[in-house]
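# give me the fold of what follows.
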Amino acid sequence: MSLVEKAIKKMQQQSQRSGLARPPERVFGTLVNTGMRNISMPDLAEPPVPERIIAIDLTALRAEGLLPPEHQERQIAQQYRQIKRPLIARAQARGADIAQRLIMMASAMPGEGKTFTAINLAFSMAREKDVRVLLVDADTPKPHISKLFGVDGEPGLLDVLRDSGSDVENVILGTDVPNLFVLPAGHRGDNATELLASERMREVLARIVERDPKRIVLFDSPPLLMTTESQVLTQIAGEVVMVVRAGFTPQSAVLDALSHVEKEKSVGLILNQSMDTGTARYYYGYGYGDAATPEADSGQ
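All right, here's what the predicted structure looks like:
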């Protein structure tokens, strides 16, 4: 048994020994009808108007630890600026293709802080003047984003992929955070991997990107070593950002996860919850290039 398999088995055993069911996830969003029709407008300078928006409870998100505490907000905001700048630059570069505007948030295993990072990066990108962020819940086995924002029962990505006649714009939800939009995971079936790998998926993503030139799509994906869905997404996204939890993730797991990403793909690493620096609490160590030797604990 490999170190990766041992680490995953240990996590599963600890969960089973607790004898307790995981408490239901709290909901931090309320779906509100705007009274407007979600129509496709000919003026590509403006995005379609969402028929419904999610009112996000930022105070509750902060209290739950999904947003940085107020006394660290400025410091964390600066760190996310450093993360988003190269991503936005590549997405908006002259001649950039569709894939460069598709960013996958990945991790090797559960518990790395990937969803926390995806939410905060989406919020940071949405502050840009010339960017509209579409946060896609592509973690179809465990749609955390959809549950957190109270839209896990809503039609979403998987439903659009099943129905070739449906328009993805009709299931994209706005939020009360300017320039931030959400695409729920939708209703899961047994063929989620095949749907994500289909030509229909590529058509839908092309539609999303071409419909709004200012859109950058951020996927919250399943852990790379746990599902096949995430491995399909690495082939679609032009950018892969992998979250590595300091002192938690075995280095072998990181390397194994990276082996599922094509070598020519642009890959970034975020070292989450590093305590190497006095003020570091959430993440450090983001960078492009050779990602073969991240400084992660061996897990032993």
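# alpha carbons only for contacts and neighbour counts from here, please
Noted.
# which strands or helices does the helix or strand where Ala253 lies pack on?
According to DSSP states H and E, Ala253 maps onto helix 251-258. If contacts are counted by 3 or more CA pairs under 8 Å, 6 or more residues apart in numbering; DSSP states H and E, helix 251-258 sits against helix 3-18.
# avg pLDDT for the very next helix or strand once past the helix it packs on?
Remark: after helix 3-18, the chain's next helix or strand is strand 29-33, criterion DSSP H and E. For strand 29-33, mean pLDDT rounds to 87.
# can you check stretch 99-115 too?
93.
# other residues contacting that stretch?
8, 90-92, 118, 144-145, 209, 215-226, 230, 233-234, 236-245, 248-249, 253-254, 256-257, 272 (CA atoms under 8 Å, 6 or more residues apart in numbering).
# among these, which lie within helices?
8, 90-91, 118, 144-145, 209, 230, 233-234, 236, 253-254, 256-257 (DSSP state H).
# need the nearest residue in space to Arg162, chain neighbours excluded.
Leu195 (7.2 Å; CA to CA, 6 or more residues apart in numbering).
# what helix or strand does the one you found sit in?
helix 192-196.
# in terms of secondary structure, what does that helix contact?
Partner elements for helix 192-196 (3+ CA pairs under 8 Å, 6+ apart): helix 157-162, helix 228-236.
# what's in contact with the helix or strand just after the shortest one?
Tracing the chain C-terminally past helix 157-162 and defining elements by DSSP H and E, one meets strand 173-175 next. Residues lying outside strand 173-175 but in contact with it, judged by CA under 8 Å, 6+ apart, are 50-56, 180-183.
# what of stretch 65-81?
Against stretch 65-81 from outside (CA under 8 Å, 6+ apart): 58, 61-63, 116, 119-121, 124, 282, 284.
# could you point out where the protein is predicted with low confidence?
Counting by pLDDT under 70, the chain contains low-confidence ranges at 1-25, 35-48, 274-300.
# alpha carbons of the helix holding Leu195, as CSV, please.
Taking C-alpha atoms only, helix 192-196 is exported to CSV below (Å, rounded to 0.1, in the frame of the first residue of the first chain):
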residue,chain,number,x,y,z
ALA,A,192,-21.2,12.7,-14.0
THR,A,193,-17.7,11.9,-15.2
GLU,A,194,-18.9,11.1,-18.7
LEU,A,195,-20.9,14.3,-18.8
LEU,A,196,-17.9,16.4,-17.8
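# how about that helix: buried residues?
Residues 192-193, 195-196 are the ones in helix 192-196 that count as buried (16 or more other CA atoms under 10 Å).
# turn those residues into JSON lines, columns for distance to Lys129.
Formatted as JSON lines, these follow (distance: CA to CA, whole Å):
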{"residue": "Ala192", "distance to Lys129": "35"}
{"residue": "Thr193", "distance to Lys129": "35"}
{"residue": "Leu195", "distance to Lys129": "34"}
{"residue": "Leu196", "distance to Lys129": "31"}
